[in-house]
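*Asks:* My questions concern the predicted model and sequence given below.
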Amino acid sequence: MLLYHYYDKKIGPFKNLSDLSIEEANRILLTIKSEKPETMCAKRQGSYIADRRHFEKILRNEFMKKGGKIEREIPHYLVVGECPWLQSWFEDCDHVVIDTTNLDLNTVSFTYGDSHPTFSNRVNDGKEYRKKSYIHIMR
């Protein structure tokens, strides 16, 4: 299976807002909103950074409960298969492709769709995958 990580070429791959302080992450988000207003990232709500930290804490706790092996405190985000729509999130988009045969699958979890609506209390559509993450433990 192939995983795709999309990013802005000017910033580089696997740069994560959650690795920064809340203040620095919010500053970067404001810069994106003012300098790149047409990108999807610029359209994020004001509570995005706080929401993101909250959902990442849920993801980490669920991952640990299911026996996942944590190598990073903060997850890197990837999608299964190519997703041309994600290219609209960045002004000058590129991507990295990772074959899961090259990964320790004990370090990987999945949500169906974006983790924000998956764990958000604002989304109540009754879909069975809401509030769930998935992991395949290799024993």
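*Replies:* Okay, I see it.
*Asks:* Okay, buried residues for the lengthiest helix in the chain please.
*Replies:* Ranked by residue count under DSSP state H, the longest helix found in the chain is helix 48-65. For helix 48-65, burial by neighbour count (16 or more other CB atoms under 10 Å) applies to Tyr48, Ile49, Asp51, Arg52, Phe55, Glu56, Leu59, Arg60, Glu62, Phe63. For every residue, glycine as well, the C-beta is placed using N, CA and C.
*Asks:* Pull the number of nearby residues for the nearest residue to the third one once chain neighbours are set aside.
*Replies:* On the basis of CB to CB, 6 or more residues apart in numbering, the spatially nearest residue to Asp51 that is not a chain neighbour turns out to be His116, at 6.5 Å. With neighbours defined by other CB atoms under 10 Å, the count for His116 comes to 18.
*Asks:* Give the other helices and strands that the helix or strand encompassing His116 contacts.
*Replies:* Assigning secondary structure by DSSP states H and E places His116 in helix 115-119. Applying 3 or more CB pairs under 8 Å, 6 or more residues apart in numbering; DSSP states H and E, we find helix 115-119 packed against helix 48-65.
*Asks:* Residues contacting the helix it packs on, please?
*Replies:* The contact list for helix 48-65 (CB atoms under 8 Å, 6 or more residues apart in numbering) reads 17-18, 22, 25-26, 29, 45, 70, 73-75, 109, 111, 115-116, 118-120, 132-133, 135.
*Asks:* Show the buried residues in these.
*Replies:* Among the contacts of helix 48-65, those classed as buried by neighbour count (16+ other CB under 10 Å) are 17-18, 25-26, 29, 75, 109, 111, 115-116, 118-119, 133, 135.
*Asks:* All set, thanks.
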